[in-house]
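Novice: need the 3D shape of this:
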Amino acid sequence: MRVKREELVQKLESVLPGLATKPIIEQSQCFVFTDEKLVTFNDEVACSIDSPLDIQGAIPAKALLQLLNKLPEEEIEVRVEENELLIRVGKKKTKLRMEEEMTLPIEELEEPTKWRKIPKGLVQAINISLSCAGKDESQFVLTCIHIHPEWVEACDNFQVIRYPLKTGLKKSVLIKRDSLKAIVGLDMTEWSQTDNWTHFRNPLGLTLSCRRYLEDFPDLTKVLAIKGKPMELPKNIKDVVVRAEIFSSENTANDSVMVRMKSGKMEIKGEGPSGWYKEVKSIEYDGPPLAFAIAPKLLVEISSKSTSCQLGDTGLRVDGDGFTYVTCIEKVEEKDGQHSSS
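Specialist: Predicted coordinates:
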């Protein structure tokens, strides 16, 4: 069969969130073609879309996608020959190993039956909460986004965010941050709840399913109720954060910038293996020196929604457009013109 190369690549790339970075389960690093669907599954996320090829079997994902991206031709010929996928275009020819038997344990994924429109603001709430979820697997609950009937929230023991929103759920669910981040940017318009999964679907027919958990999430209400002295964050700090993020983004496990405040000044610093960048902005602040860390994208988002905040003894609270954010602060002392922890 002859297929459009770019259309095939687009479909393959749409199901990438379901691939495993390590071989956790059988065929979890493969594109699996069934009678009607193209499927990926890594035990936490499953993706499916109408199959672009009339074949059945599992093909190593990395090799297939890399090959297709390096071919310049618009059309390619694809067919199965003796448990291998043959790709031919002009004088170019390749074969990829193909497992005809599907061993991917996709049968544990429940089929959604009732689809509902995703509430307005839900994807935005999830997106803004991602940076606040924890990364320490020993504190599993905090690595999840908490979707409550009345709000979306996240916490990593240093910062908290809550986005009030009628989600339409009857019971709260937890979904791992790394699973949910895949739905951002995919134009998801519908969702469905089954016993163990939350499913999202977009107009192109892509279904992305995230494993859901029912553990209790900490009550953050008291933390979010912190009050303190009103103050204003500097405006137009996006460019500063973008420059600092050049270095902080090198820390893939903990991309954060350090914000230090002292009388009349706010310093934003991003640091990574390649070096660091810092910049000072004027601010109306006359309190003691303090510092806090925050994800750069979250700082940009927060400052774009609201510059008003409250500074308490232990935390900084920002009430933005539809959300409340609180971060722990650390009192610091100055030594030789520099800030240091006290």
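Novice: what lines up beside the one helix or strand Q310 maps to in the sheet?
Specialist: Following DSSP states H and E, one finds Q310 within strand 308-311. Using DSSP bridges, strand 308-311 pairs in its sheet with strand 229-232 (antiparallel), strand 315-319 (antiparallel).
Novice: any idea which of the ones you listed is most buried?
Specialist: strand 315-319 (a mean of 20; mean count of other C-beta atoms under 10 Å). Quick note: C-beta positions are derived from backbone N, CA and C, even for glycine.
Novice: so what's the gap between it and the chain middle?
Specialist: Its chain's average C-alpha position is 23 Å from that of strand 315-319, according to C-alpha atoms, centre = their mean, to the nearest Å.
Novice: list of residues touching it?
Specialist: 223-224, 226-228, 233, 292, 302, 306, 308-311, 324-329 (C-beta atoms under 8 Å, 6 or more residues apart in numbering).
Novice: filter the residues you listed to the buried ones?
Specialist: Among these, those scoring as buried are 223-224, 226, 228, 233, 292, 302, 306, 309-311, 324-327, 329 (criterion: 16 or more other C-beta atoms under 10 Å).
Novice: tell me the helices and strands packed up against the helix or strand where V259 lies.
Specialist: Assigned by DSSP H and E, V259 belongs to strand 257-262. Applying 3 or more C-beta pairs under 8 Å, 6 or more residues apart in numbering; DSSP states H and E, one finds that strand 257-262 makes contact with helix 238-248, strand 265-272, strand 290-294, helix 296-305.
Novice: ok, the residue nearest to T94 when sequence neighbours are not counted - how many residues close by?
Specialist: Spatially, and ignoring its direct neighbours in sequence, T94 is nearest to I87 (5.1 Å; C-beta to C-beta, 6 or more residues apart in numbering). I87: 21 surrounding residues under other C-beta atoms under 10 Å.
Novice: and I87, what does it touch?
Specialist: 67, 76-78, 93-96.
Novice: try 10 Å this time
Specialist: 3, 5, 8, 64, 67-68, 71, 76-79, 93-96 (C-beta atoms under 10 Å, 6 or more residues apart in numbering).
Novice: helices of the stretch 51-200 of the chain, start to end?
Specialist: Remark: helices assigned in the stretch 51-200 of the chain by DSSP state H, counting those that start in this stretch are 61-70, 122-129, 177-180.
Novice: got a pLDDT number for the most far-flung residue of the chain relative to its centre?
Specialist: The C-alpha centroid of the chain is most remote from K91, which lies 41.6 Å away (C-alpha atoms, centre = their mean). Reported pLDDT at K91 in the predicted model: 88.
Novice: against I147, how distant is it?
Specialist: Look at K91 and I147: by C-beta to C-beta, to the nearest Å, they are 53 Å apart.
Novice: do F41 as well
Specialist: F41 sits 22 Å away from I147, going by C-beta to C-beta.
Novice: which SS class is the closest residue to N69 other than its chain neighbours?
Specialist: Ranked by C-beta to C-beta, 6+ apart and with sequence neighbours excluded, the top spatial neighbour of N69 is V9, at 6.4 Å. The three-state label given to V9 by DSSP: H, G, I helix; E, B strand; the rest coil is helix.
Novice: you'd agree V9 is up against L65?
Specialist: Yes - contact criterion C-beta atoms under 10 Å: V9 and L65 qualify, at 7.1 Å.
Novice: OK, contacts around the nearest residue to E26 once chain neighbours are set aside?
Specialist: Distance criterion C-beta to C-beta, 6+ apart; nearest residue to E26, sequence neighbours excluded, is T103 at 4.3 Å. Contacts here follow C-beta under 10 Å, 6+ apart; on that basis T103 touches 25-27, 30, 32, 58.
Novice: kindly report the same for L122.
Specialist: L122 makes contacts with 147, 152, 163, 165-168, 183, 188, 191, 200, as judged by C-beta under 10 Å, 6+ apart.
Novice: pLDDT weak spots in the protein?
Specialist: For the chain, residues meeting the criterion pLDDT under 70 lie at 331-342.
Novice: try 80
Specialist: In the predicted model of the chain, residues 235-236, 253, 302-307, 321, 330-342 satisfy pLDDT under 80.
Novice: how much space separates the most centrally placed residue in it from L208?
Specialist: In the chain, the residue lying closest to the centroid (C-alpha atoms, centre = their mean) is K181, at 2.3 Å. The span separating K181 from L208 equals 11 Å under the rule C-beta to C-beta.
Novice: find residues that contact each of the two.
Specialist: Contacts common to K181 and L208, judged by C-beta under 10 Å, 6+ apart, are 17, 45.
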